[in-house]
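Visitor: test case, fold it:
(chains A, B, C and D)
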2 protein chains.
Amino acid sequence: MGTYSLETLKAFLNGLTPIRSETWQQLELLFSEVQLPKGRFFLEDGRKATQIGFLTDGVMRAFYRNREGVEYNKHFFVPGSFIGGYASLITGKPNQIWQQSLTDCRLLVTDFASFSALYDTAPDLERAARLLAERFFVQKEEREIELVLSDAQTRYELFQQQFPGLEQRIPQYHIASYLGVTPTQLSRIRRKMARR
Amino acid sequence: MGTYSLETLKAFLNGLTPIRSETWQQLELLFSEVQLPKGRFFLEDGRKATQIGFLTDGVMRAFYRNREGVEYNKHFFVPGSFIGGYASLITGKPNQIWQQSLTDCRLLVTDFASFSALYDTAPDLERAARLLAERFFVQKEEREIELVLSDAQTRYELFQQQFPGLEQRIPQYHIASYLGVTPTQLSRIRRKMARR
DNA sequence: GAAGAAAATTTACATAGGTAAAGAAATCAG
DNA sequence: CTGATTTCTTTACCTATGTAAATTTTCTTC
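Guide: Residues are numbered from 1 along each chain as shown, chains lettered A, B, ... in the order given. Got it, this is the predicted structure:
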C-alpha cells in the first residue's frame, strides 16, 4: 500500500521529466506516509511552512482567512496533487494559506529542505521542480482568468467539469466559497439552472 | 546604451543565482534591443507567444479582455521586469493575456525557444528559470491574497506603495481597472481619502 | 427509526458598486 | 494660443448579490 503510493508519486514526477533511478533512490527515502483524518490541518496560517505532501487519497482544500475569520476557498486538492505552503517554502516568509482535509486523507510527506537540497546533485529533479513551478503558475493564471472573465454561473459549470464528482462529496458552502459567492447565491444559481 | 541594458539583465539574472560566464556569453548573443512606442502591443490575444522581453525602460501593462471588449488590468511592468506570455510559452496554448506599452519603452527581446534550449547545457540557467517561475508564482499568489483580503481602498494604498510614482504617469482608469473597480468608484475612494 | 445536528433553501431587506451620461478639468496638437 | 481630445469627477439610477433569519431537507448516530 505504501509502495503503491510511492509508485503514484514516481509516475507523477516522471510525467514531468524523466527521473534517473539514482535520483529516485534518494528521493523515496525522504517520504513517509501519513494519514490525515477529516477536518485536520496540514498547514495553518502564520507559521513558516517546512513540509510538502503528495496527496494519494482523499480531498483537501486550500483557503485564505481574513481578520474576521471569514474563509475563502481557493483550491481543492484531489489525489495526485502536491500540497504545501509553496509560497512560504520558497520565500521563507510566514504562510498565509491554510490547508485542510475535507475527507480522511492519505499523504506522502517530506521535509522541503531535504527535498530541495537534492537539486544540487540531481539536475533532473531541479528540472522537475522548474516544471512544477511553471505548472503551478499556469494553474493560478487559468483560475485568475476564470474569476475575471466568467460570471458565477459559468464558474460553477467550470467547477463541475474540473472536479467531476466532487460536488457530491463536500458541502455546498465550500463550493460557494470557491466560486466567490455566498451559499445563498449558489442556491439561487442552482435553482435557475434546474428550471430549464 | 545597448551594453547598459544588457548589464541590467545580467545583474538581474545574477540576483537569482550566479550565472557562469560561459552561460552569459551564449545568452547575450540571443537578445536584441527593441524600441516600443507608447500604445503598442508586445503580445496580443489568441496567438501563441514565442518571445520574451526584459523591460529596461518605460511602463507596460498586462490585461485580459472579455468577449465584449472590456479590459481588466492585471499587472504593470516597470524597468527590470521580464515580460511575455509566460503561460502560453510554457504550455504552447494560445495566449490569453495582452501586453501593451503605456509609455515609450525599451526592451531586450529574444526567442523563448532559443532561450530555453540552453537549459540542457546550462544548469545555472535552468536554476534561474526555476527561481523565476517560483517568483512569478509567489507574485501571483500575493496579488491574489491582496484581491481577496483587502477592500478597494486598501488595494489602492498598496498600489501606491508597490508602484511609487506610477500613479502620475498613467491614466486613472488603468489604475481603477487594476484595482478591480470602475473609474467612478476609484474617484469616490479618492474623494473620501482626500477629505481627511 | 427517532432525535438531533448539519446543510441547503428560501425570503425579506439592505447596500456596495455598477452603468450611463453630463459637465469640468487637464492635456495635446497644430 | 486655441480648439479638440482625453481624462476625471459627479450625479442619478439600478441591479446583483450580500446579510440575517426562518424553514425545509438531508445526514448522523445511537
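
Visitor: residues from chain A in reach of DNA strand C?
Guide: By C-beta under 7 Å from any atom of the strand, the part of chain A that sits against DNA strand C consists of A:171-173, A:183-184, A:186-188, A:190-191. Glycine gets a C-beta too; all of them are placed from N, C-alpha and C.

Visitor: top of these by neighbour count?
Guide: Neighbour count (other C-beta atoms under 10 Å in any protein chain shown) singles out A:Leu186 as the most crowded of the residues of chain A next to DNA strand C, with 20 neighbours.

Visitor: and the strand or helix carrying it, what does it pack onto?
Guide: Element membership for A:Leu186, per DSSP states H and E: helix A:183-194. Judged by 3 or more C-beta pairs under 8 Å, 6 or more residues apart in numbering or on different chains; DSSP states H and E, the packing partners of helix A:183-194 are helix A:152-162, helix A:172-179.

Visitor: what residues sit buried inside the shortest one?
Guide: Neighbour counts over helix A:172-179 (16 or more other C-beta atoms under 10 Å in any protein chain shown) mark A:174-179 as buried.

Visitor: isn't A:Gln51 up against A:Ile83?
Guide: No. No contact is recorded between A:Gln51 and A:Ile83 when judged using C-beta atoms under 8 Å, the distance being 9.3 Å.

Visitor: which neighbours do the two share?
Guide: Taking C-beta atoms under 8 Å, 6 or more residues apart in numbering or on different chains as the contact criterion, the residues that touch both A:Gln51 and A:Ile83 are A:Phe42.

Visitor: so if I had to pick from the two, which one is more boxed in?
Guide: Set side by side, A:Gln51 and A:Ile83 show more neighbours around A:Ile83, with 22 against 19, by other C-beta under 10 Å.

Visitor: which residue is the nearest non-sequential neighbour of that one?
Guide: A:Gly53 (4.8 Å; C-beta to C-beta, 6 or more residues apart in numbering or on different chains).

Visitor: hang on, the earlier thing: got CSV for the helices and strands packed on helix A:183-194, with distance to B:Lys74 and mean pLDDT too?
Guide: Putting the helices and strands packed on helix A:183-194 into CSV (distance: least, C-beta to C-beta, whole Å; pLDDT from 0 to 100) gives the following:
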stretch, distance to B:Lys74, mean pLDDT
helix A:152-162, 18, 90
helix A:172-179, 20, 93
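
Visitor: that's a strand at A:Phe42, yeah?
Guide: Yes. With DSSP: H, G, I helix; E, B strand; the rest coil as the criterion, A:Phe42 is located in a strand.

Visitor: circling back to that earlier point, quick one: mean pLDDT for the helix holding A:Leu186?
Guide: Here the mean pLDDT over helix A:183-194 is 87, rounded to a whole number.

Visitor: between that helix and helix A:152-162, how many degrees?
Guide: In terms of direction (axes from the mean of the first three to the mean of the last three C-alpha atoms, to 10 degrees), helix A:183-194 departs from helix A:152-162 by 80 degrees.

Visitor: how far does helix A:183-194 sit from its chain's centre?
Guide: In terms of C-alpha atoms, centre = their mean, to the nearest Å, the centre of helix A:183-194 is found 27 Å from the chain centre.

Visitor: now stretch A:99-113
Guide: When C-alpha coordinates are averaged (C-alpha atoms, centre = their mean), stretch A:99-113 and its chain have centres 9 Å apart.

Visitor: got the angle for the helix of greatest length in chain A vs helix B:123-149?
Guide: Here the longest helix in chain A is taken by residue count, with DSSP state H as the criterion, and it is helix A:123-149. Going by the same axes, to 10 degrees, helix A:123-149 is angled at 30 degrees with respect to helix B:123-149.

Visitor: and helix A:123-149, which residues are buried?
Guide: Buried residues in helix A:123-149, counted by 16+ other C-beta under 10 Å: A:123-138, A:140-145, A:148-149.

Visitor: now for chain A, the helix or strand with the poorest mean pLDDT.
Guide: Among the secondary structure pieces of chain A, namely its helices and strands, strand A:41-43 has the lowest mean (mean pLDDT, DSSP states H and E), a mean of 84.

Visitor: chain center to that one, what's the gap?
Guide: Between the mean C-alpha point of strand A:41-43 and the mean C-alpha point of its chain there is a distance of 12 Å (C-alpha atoms, centre = their mean).

Visitor: next: stretch A:8-22.
Guide: For stretch A:8-22, the distance between its averaged C-alpha position and the chain's averaged C-alpha position is 19 Å (C-alpha atoms, centre = their mean).

Visitor: and chain B, is stretch A:100-120 touching that?
Guide: Yes. Taking C-beta under 8 Å from any C-beta of the partner chain as the criterion, stretch A:100-120 and chain B are in contact, through A:Tyr119.

Visitor: distance between the ends of that stretch?
Guide: One end of stretch A:100-120 to the other measures 32 Å (C-alpha to C-alpha, to the nearest Å).
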